Each structure stands twice: as C-alpha cells, then as structure tokens.
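A.B. asks: need a structure here:
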Amino acid sequence: MTTRLEALEDWAAGLLGQLEPASRNRLARELGQALRRSQQQRVIAQQNPDGSKYAPRKKRDLRGKQGRIKRKAQMFQKLRTAKFMKVQGDGNAISVGFTGRIARIARVHQYGLKDRAERGAPDVKYEQREQLGFTDADLDLIRDGLLEHLVAR
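C.D. replies: This next block holds a predicted model:
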C-alpha cells in the first residue's frame, strides 16, 4: 500500500508543480472532501481499510437500564460527521482527521489503546478499529480526481 501511495505521490508531484497556487488549493479542497466522504462510507459500513469488519462491541448487561434500548446502534455515528471529521487542504497537503477531545477517542480506537470509558472507571483495552486509512479505492479516487482537474483546466 505504501509503495503504491509513494508511486502516486511521485507521479503527481510534477503535474502539481505546473498548477498555479489557487488551482492547487481548489484541487486539494475537492480531493479532501472526496476522501472524507470515502472514509465516512467506510465507517458506515463498519470496515477497516483492509476490508475486514470492525471488532464487535463488548456485550453489556442492559437489563437494569430503564427506557428504550437501542439494539442496532452503530459505532462512531457522530464521529463520522463533518462536524468532527475535518478536512484541511492547501497547495502542499491534504489531511482528513479529528480535532479536540474527539481526536483522543478516535486515536484510542484507531490504534487499539487503553482508556477509561468514564471518569473513575478502570482502564479498558479497546479493540483496534481504524476509522482513517487509505484503501486502493482511495488512491484511485485521488488519481482520478487529479486527472479530472487537469483535463478541465
């Protein structure tokens, strides 16, 4: 995967150097938004970048809970929204990521770290669930977006 990403970067470097800064900024913004949509669709499908499913949630005893029980709740419903999944793009780089307190939650799940579910609770080891990452389709999306931008110019 990294060799394919590096090959794409080498191929695109010469083409991007020929664009004026305003055009590069517009291209970066468009590609960043397309990448965010791709990442959001993958999170909705509950898949890691390699295509494997997310590790299931730990079973919980919901018997004592009053009121409605959501049985089909998906993980990261709010995390995948544009409010939390931010895109930054300028003429030199594109980044899709999380900011603030949400970034800590995403990092714990991305790398499978230990964290506390709430204040005073014991540390829990979370399963690795990658919200962000490149798939082959994402690399094709970047390449095709760059080509479309150059042809439309």
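A.B. asks: going forward, measure contacts between C-alpha atoms and count neighbours the same way
C.D. replies: OK.
A.B. asks: Quick check: what element follows the longest helix seen in the chain along the chain?
C.D. replies: Identified as the longest helix of the chain according to DSSP state H is helix 21-44. Along the chain past helix 21-44, the next helix or strand (assigned with DSSP states H and E) turns out to be strand 85-89.
A.B. asks: who's in contact with the helix or strand just after that next one?
C.D. replies: Next helix or strand after strand 85-89 toward the C-terminus (DSSP H and E): strand 94-98. Here strand 94-98 makes contact (CA atoms under 8 Å, 6 or more residues apart in numbering) with 28-29, 31-32, 35-36, 84-89, 103, 106, 132.
A.B. asks: For PyMOL, write a command that selects the buried ones of these.
C.D. replies: Remark: buried members of the contacts of strand 94-98, expressed as a PyMOL selection using 16 or more other CA atoms under 10 Å:
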select buried, resi 28+29+31+32+35+36+84+85+86+87+89+106+132
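A.B. asks: Looking at the contacts of strand 94-98, which one is closest to Lys53?
C.D. replies: Lowest distance from Lys53 to those (CA to CA) belongs to Leu132, with 13.8 Å.
A.B. asks: Run a quick neighbour tally on the closest residue in space to that closest one that isn't next to it in sequence.
C.D. replies: Once flanking residues are discounted, Leu132 sits nearest to Gln39: 6.4 Å by CA to CA, 6 or more residues apart in numbering. Gln39 has 24 neighbouring residues, counting by other CA atoms under 10 Å.
A.B. asks: got any ranges where the chain has weak pLDDT?
C.D. replies: Applying pLDDT under 70 to the chain flags the ranges 1-2, 61-73, 153.
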